[in-house]
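J.: need the 3D shape of this:
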Amino acid sequence: MQNTDSSGSKKDPIAELQARLEAAIDEVRPKMRRAFDELNARLDAALEDVQPRVDAALSDARPAVDRFVADIQPRMDSLLERLQAKLEALRSELRSRAERATRPEEEPGPIKGELPPTGSAAAEPPPEK
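T.: Residues are numbered from 1 along each chain as shown. So this is what the prediction gives:
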């Protein structure tokens with residue numbers, strides 16, 4: 001058995017449900033708009049109430065923030081200078097290492113702080129203690 005209306009045509013339940021939903025939304029839309037407008041008006045009024053207190057708190061806090069920045073700025077500048085100096089030292093070390101790596105191989109010379117081997121002492125290992 002099929003659903004039919006009084007004229008004898010078939011009813012589509014989904015289309016009927018869709019039409020009912022759209023009608024309900026159209027009915028509720030003005031109420032929602034009014035509610036949003038009222039909420040917006042209340043929010044604006046609350047912000048107008050709070051704004052002077054926020055401004056006063058900001059003006060009270062500003063001197064403390066300015067003092068803090070004035071105290072910390074020299075330390076930050078000093079730290080930045082030290083970091084930049086260390087970075088430059090690292091860059092120059094990396095440049096010198098890169099230059100040594102790209103140079104043709106040379107005869108290894110004596111290591112700093114080490115005496116060059118002499119005669120028969122060079123062949124003998126150092127005495128163990």
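
J.: where along this protein do the helices fall?
T.: Secondary structure of the chain, counting by DSSP state H: helices at 13-102.

J.: flag the shaky bits of it, pLDDT-wise.
T.: Along the chain, the model assigns pLDDT under 70 to residues 1-9, 104-129.

J.: please repeat the previous calculation with a cut-off of 90.
T.: 1-11, 99-129 (pLDDT under 90).

J.: and the gap between residue 36 and residue 43?
T.: Taking CB to CB, to the nearest Å as the measure, residue 36 falls 10 Å from residue 43. Every C-beta, even on glycine, is put in place using the N, C-alpha and C of the backbone.

J.: for residue 14, give its distance to residue 68.
T.: Distance from residue 14 to residue 68, by CB to CB: 66 Å.

J.: with residue 79 instead?
T.: Counting by CB to CB - residue 79 and residue 68 are separated by 16 Å.

J.: the more surrounded of residue 14 and residue 68?
T.: Set residue 14 next to residue 68 and count neighbours by other CB atoms under 10 Å: residue 68 wins out with 10 against 7.
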